[in-house]
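Colleague: Output the structure for:
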Amino acid sequence: MCHKSSYFDNYCRILANARAIAEKNGFAAERVNVLVVTKYASAEQIAQLLSCGGVSMIGESRLQDSLEKWQSPLLSGYKVQKFFIGHLQTNKAAKVVDNFDFICSLDSLRLARCIDREGGKLGRCVNCLLQLKLTDRETQGGLDLKEAGKFIERVRKDFKYISLRGIMAIAPDTEDKALLRECFRSAAEVFKDYFTQEDYLSLGMSGDYETAVAEGGNLPRIGSAVFK
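Modeller: Numbers count the residues shown, from 1 in each chain. Predicted structure coming up:
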């Protein structure tokens, strides 16, 4: 039963806005979805959101917290695709492969080997998004734009149990809209060269998703604007 939820109202408003922006900029509205980031939300808050139906994708970045949260009886019975959007250490790859539907932070051959190995153990391909680095912050993960093409080709050639399904990127923390557009556009150009419209270009968060969608992003990661 759907209980009236301001969280669900926020989600619907953001999704409608993102699709309108996509259509206005020449992109198909129906290919835009919202990845609801639940890492700071409680099980109670997530249950309120999911009880109304319609939300099909959630993003988490802290493995242990996520595992504990989703074991809550409040969340039993809800079927969503789970995207791991945080930095992934190789020693945690097995648990992430086992508990998530997508890994959005593939950014090295070392990690690819590890994910491929774990996928092989389970006998299935692991859906991954390549993480691109759009900032110069040393703490920010991701692959350099200039290395992306060769990396994509190498993964597709050498790793049987990895299915590359798109790109995730985090833009600089700036109010300079021109810089944001430039960053998002550069990621969109890589996406256009190596992926199809059925794949995911995960750009933008609560504060900059409108700019990201205007440049072709189709899976903004929204947390605080939903759970406010």
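Colleague: Specify the local secondary structure of the residue lying closest to S5 once chain neighbours are set aside.
Modeller: Residue nearest to S5 in three dimensions, not counting chain neighbours: Q48, with 4.4 Å by C-beta to C-beta, 6 or more residues apart in numbering. For the C-beta atoms, the positions are set from N, CA and C on the backbone; glycine is no exception. When the structure is reduced to helix, strand and coil (DSSP: H, G, I helix; E, B strand; the rest coil), Q48 reads as helix.
Colleague: and Q48, how many neighbours does it have?
Modeller: Using other C-beta atoms under 10 Å, Q48 is surrounded by 20 other residues.
Colleague: Begin at 29 from now on, thanks
Modeller: OK, 29 is where the count begins now, so the last one is Q76.
Colleague: correct me, but it touches D37?
Modeller: No: in this structure, Q76 is not within contact of D37 by C-beta atoms under 8 Å, at 10.8 Å.
Colleague: Need the residues touching each of the two.
Modeller: Both Q76 and D37 lack any common contacting residue under the criterion C-beta atoms under 8 Å, 6 or more residues apart in numbering.
Colleague: so what's the residue nearest to S33 scoring on pLDDT?
Modeller: The score at Q76 is 94. That number is its pLDDT.
Colleague: separation between it and I113?
Modeller: The spacing between Q76 and I113, counted by C-beta to C-beta, to the nearest Å, is 21 Å.
Colleague: R152 now?
Modeller: Distance check for R152 against I113: by C-beta to C-beta, it reads 21 Å.
Colleague: and those two? which has more neighbours close in?
Modeller: In this view R152 and I113 are compared by other C-beta under 10 Å, and I113 has more residues nearby, 25 against 12.
Colleague: Hmm, S133 and the more buried one touching each other?
Modeller: Yes: look at I113 against S133 with C-beta under 8 Å: they come within range, at 6.6 Å.
Colleague: can you list residues touching both of the two?
Modeller: Taking C-beta under 8 Å, 6+ apart as the contact rule, the neighbours common to I113 and S133 are M196.
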